[in-house]
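Asker: sequence plus predicted model, see below.
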Amino acid sequence: NASSISLNTKDTFAFNAPDGTKEISEDDLTAGHWLSDWDQAMSLAKATHKIVMVDFMASWCGPCKALDKQSFHTEAFKQETKNIILVKIDIDQQPALAQKYGVEAIPNVQFIDEKGVVVHKFLGLIPDSEVIQNIRTAKSKRP
């Protein structure tokens, strides 16, 4: 399930991790966390200059659910998407956004820069290894 996350850095503090433990970065904390708010995702992209991975899907879409279950919760996925903003867009709830990005079939995953430009995309239920390769391809297209 997609949800919203925000960090209030005014109220945060840092300390050194005790010996034998690992410090956790903000990217580690948010790795694998999906947003559902397009505007929030794009605001984050503009502020951080990160790419946005958009999963255009629908609640009734079997292949969308399968892609999510098989690929979007693995450790490899979390590692590859550490520096990527993840957002799920239900095409039934946001048809204008789906139309803007030319979504005619789902699952439809698009990688969009902070200016709203698609830098890479893939369509359909594909194996986990191909999902990872598509993420790497999208990241390689960034300046």
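Answerer: Sure thing, it's come through. Everything numeric in this text was worked out from a predicted model, so none of it was measured.
Asker: can you list the low-confidence ranges for the chain?
Answerer: Scanning the chain for pLDDT under 70 picks out the ranges 1-32, 143.
Asker: 50 instead?
Answerer: 24-29 (pLDDT under 50).
Asker: please, where are all the helices along it?
Answerer: 26-30, 38-48, 62-71, 75-80, 95-100, 128-140 (DSSP state H).
Asker: looking at these, which is closest to residue 117?
Answerer: Nearest to residue 117 among the helices of the chain is helix 38-48; the distance by Cβ to Cβ comes to 11.0 Å. For the C-beta atoms, the positions are set from N, CA and C on the backbone; glycine is no exception.
Asker: what helices or strands is that closest one leaning on?
Answerer: The helices and strands touching helix 38-48, judged by 3 or more Cβ pairs under 8 Å, 6 or more residues apart in numbering; DSSP states H and E, are strand 51-57, strand 84-90.
Asker: same list (the ones you listed) but as a markdown table, adding distance to residue 73 and mean neighbour count.
Answerer: A markdown table is the format used below for the helices and strands packed on helix 38-48 (distance: least, Cβ to Cβ, whole Å; neighbours: other Cβ atoms under 10 Å):
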| stretch | distance to residue 73 | mean neighbour count |
| --- | --- | --- |
| strand 51-57 | 12 | 24 |
| strand 84-90 | 11 | 22 |
